[in-house]
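In: build me a structure from this.
(2 chains)
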Amino acid sequence: MTDSDITLAAVELDQTTLLTPGQIFRQRMFGHKGFLIGATLILIIAIVALLAPVLAPHSPFEQSLADRMLPPVWSEGGTWDYLLGTDQNGRDYLSRLIYGTRVSITIGLGAATVGLLIGVTLGVIAGYFGGWADHSISFLLTAQLALPGLLLAMALVFIIGPSIWVVIGIVGVLHWTYYLVVTRAATQRIRSLDFVAAAAAAGASPRQIIWHEILPNLMSSIIVIFTFELGIAILAESSLSFLGVGIQPPTPSWGLMIAEGKQAMFYRPWLVILPGICLFLLVIGANLMGDGLRDITSPEGRNE
Amino acid sequence: MTALLDINHLNITLRSPNGPLRVVRDLTLELNRGEALGIVGESGSGKSMTALALMRLLPRSAEYQATSMAYDGVQLPDLEDAQFYRSIAGPRIGMIFQEPMTSLNPVYTIGRQMTEASVARGLMSAAAAHKKAVTLLDRVGIPDPEDRMSQYPHQMSGGQRQRVMIAMTLMLDPDLLIADEPTTALDVTVQAQILDLLDDLRRERQMGLILISHDLAVVAQRTDRVAVMFAGELVEQGTAQQVLYAPQHDYTRKLLAAVPRLDGTPGRPAPATPRVEDVIVARDVSRIYTARKGLFGPKRDIKALDGVSLSVKRGETLALIGESGSGKSTLARILLGLDHATSGEIDLIGRPIDQIPPTERAAFVQPVFQDPYTSLNPRRRLSEIISRPLMLRGERDSATNLAAVKEMMERVRLPIRLLHAYPSQLSGGQRQRVAIARALVTRPKALICDEPTSALDVSVQAQILDLLDELRDQMNLTTLLITHDMAVVHQTADRVAVMRNGRIVEEGTASAVLSHPTNDYTARLLEAAPRFETV
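Out: Okay, the predicted model is just below:
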């Protein structure tokens, strides 16, 4: 028996000490600029949503018709009383934006999770079992893709009646296709790899294989789609609210605020721009954090 | 006369998270017209990087400097990119890659891919290029070259695709051909043909040839000079005879010692007491796959196994030999319970396989797969991977499991500090050790090894084979070894069964089959195995 390991990797490994998993994780987390920026944005937005009653200078519902359409403090005619001005009903715009954070985050997380549960379940079933399961689920996908999403959502909300939970449910049910497409293809690829065969040869049932061998390998794609869908769901809520079938006034929601501000868009552009900026920050924060999480948690550590 | 290729003090640096990695250090090489140079070294030794630097195909994170890198008197680094791609890469230097399955574009016909380069460069008219391509296809041994021109890559076998690749590089008549592991992905019988073809073409056209391989036996037969690389450095260079028979460097000697031999008595000595108990028995097993084109297309039957009968006795090693597609892996999958036979019977320790519950079957037989890069879950740590079979058996006590894992890691000689590492942090040989540890942690009675070393470097292969040998004796394992490598069989098998097209064409003791094959096909396989005899 030649015990001397003459391979190159052996030489390298002997010279370097392996970091503990925790060390690697911290090192990667603090070395990833995109993740840090995204996580900070999301953290700030989450704190604002949680502490809305403390942070908001006014009630978001209180109307003061004498102070209608005040511009923000930096424009001519703005006052320190209403930092970001007021809307057409004389409500404080800053307070409404702060409360709107709650709606946007709830809908984004809720709808993206509903879509995730549906899409990943179907995708893994289709990819793992193949055959008729795959055929039927693919048919379902084609049917879903053939439907005009926004129109369907409008019709459904209209029939069921608008409320935040209905919006979450409907936006979620309409946004599972990306999860399905990606997880189905990935599952098909992974299930033909030898480690799945090794698990089956060790007596693992399909359920055990899916949970233990396949899902962990889908995590990075799922995280990315989740953050992507989070942004889409928030925008979908905005669209629905903008069209008048989403969140109902007077509940403050960024999409609704844009809708209400559009009549005065050319004279009072901040009514549209301010909630637009908020939406932009939330969506980009979610996407940056998602990409970062994928890089940090992947064992190979890409983009390093 | 100036050398065709003259590389002086080439350094290649790769940026990595742990700082710059010097993958090639101070490499100096020379190659004359019509000469064949073999570069040997294991994966990661920098041999491919050298070739890629010549072709400007280095990954983006890599940089190279050289005091001189001259091709036919022209300093390559001085050329503009556009000029380099127009005048050097292709017309002067051609390159063939390892994986013929991916190096041809699947959506274009062979003809289009072959003629594209010369027509686009304006060197030839489309008609002339077509004519030349047909001649070249004929020269590299493709039957019916005229018809093949309009075929797509998927209609050809791996060996044929590699021939097409060679013909394609010859379209522009290069003076230097770089072949990076051109036969590693191919069967032995095909491998010998491709290497002979390269050798003939070189002599015919007075081309320079750089043959890169991890297999010393392959390189030594077909080259004039051999350069041995280790950890980015050129440790030895000389004529093929010198390097083979009078190696100077310690590493070269180790590399030579690791090559499995085909000399001496084949097989292992017969045991004192004859083995009688049949533990794995297959009787007349067939497996037919039914493929269907689309949802409503016509059915088509493919016979992967066709009436196979064999038996493995307790404690012995049966080697199952055959080329890819001969059905040997299908048989292994059926024995492991991953697939079902269409007809025929399979008994494990006297019981029909369908009646044994999965966990009991798992306690009896475990697999070791070919490719350690796909046989380990990349998302799990070694401790989880190795203890998984125990968990599946319902043993949930983490302390005893950890102890079992540690004991197995010691047995397969994996350092315990790797316990919490991920597979991506390990080398190929270490990964294969993990796969073996996982297979043996439940103390199975039998092991099915499907090409356990063919994805590994020669130097690592010897270690893994020794390890398997040792474990087999310690744990009294019954082994079914599936391989295409005659040298592996020679070293480790008691008995041999040769498979072709889903049938067993020859069976017998290792010494009988290897020294006096009765079947034509077995003889051909033996013939094709690369070998060299040292004094």
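In: give the contact list for the residue nearest to residue B:124 when sequence neighbours are not counted.
Out: Of all residues not flanking residue B:124 in the chain, residue B:118 sits nearest, at 4.6 Å (Cβ to Cβ, 6 or more residues apart in numbering or on different chains). To be clear about C-beta, it is placed using only N, CA and C from the backbone, and glycine gets the same treatment. Applying Cβ atoms under 8 Å, 6 or more residues apart in numbering or on different chains, we find residue B:118 in contact with B:124, B:129, B:132, B:171-172.
In: contact residues of the stretch 51-200 of chain A facing chain B?
Out: By the rule Cβ under 8 Å from any Cβ of the partner chain, the part of the stretch 51-200 of chain A lying against chain B is A:135, A:193-195, A:197-200.
In: are any of those buried, and if so which?
Out: Buried members of these, scored by 16 or more other Cβ atoms under 10 Å in any protein chain shown, are A:193-195, A:197-200.
In: just the ones of the residues you listed in helices?
Out: Under the assignment DSSP state H, these contribute A:194-195, A:197-200 to helices.
In: how about the helices in the stretch 101-250 of chain B?
Out: Using DSSP state H, counting those that start in this stretch, the helices of the stretch 101-250 of chain B run over residues B:110-120, B:126-139, B:145-148, B:158-170, B:188-205, B:216-222, B:240-245, B:250-258.
In: residues in contact with the second one?
Out: Residues outside helix B:126-139 that contact it (Cβ under 8 Å, 6+ apart): B:110-111, B:114-115, B:118-119, B:124, B:145-146, B:148-149, B:163-164, B:167, B:170-171, B:201.
In: apply 6 Å and report the result again.
Out: Applying Cβ atoms under 6 Å, 6 or more residues apart in numbering or on different chains, the contact partners of helix B:126-139 are B:114-115, B:118-119, B:145-146, B:167, B:170.
In: would you mark the buried spots in that helix?
Out: Buried residues in helix B:126-139, defined by neighbour count with 16+ other Cβ under 10 Å: B:129-130, B:132-134, B:136-137, B:139.
In: and for the last one?
Out: If you call a residue buried by 16+ other Cβ under 10 Å, then helix B:250-258 has these buried ones: B:251-252, B:254-256, B:258.
In: of the residues you listed, closest to chain A?
Out: The closest of those to chain A turns out to be residue B:254 (Cβ to the nearest Cβ; 4.9 Å).
In: quick check on the residue of the stretch 101-250 of chain B found nearest chain A: phi, psi?
Out: Nearest to chain A, among the residues of the stretch 101-250 of chain B, is residue B:231, at 5.4 Å (Cβ to the nearest Cβ). Here is the backbone geometry of residue B:231 (degrees, to the nearest 10): phi 50, psi 40.
In: can you add distance to residue B:102 and pLDDT and give the buried residues of helix B:250-258 back as TSV?
Out: Output for these, formatted as TSV (distance: Cβ to Cβ, whole Å; pLDDT from 0 to 100):
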residue	distance to residue B:102	pLDDT
B:251	31	86
B:252	32	86
B:254	32	83
B:255	28	81
B:256	32	82
B:258	29	78
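In: pipe these into a markdown table and attach distance to residue B:362 per row.
Out: As requested, the buried residues of helix B:250-258 are exported to a markdown table (distance: Cβ to Cβ, whole Å):
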| residue | distance to residue B:362 |
| --- | --- |
| B:251 | 41 |
| B:252 | 43 |
| B:254 | 38 |
| B:255 | 38 |
| B:256 | 40 |
| B:258 | 33 |
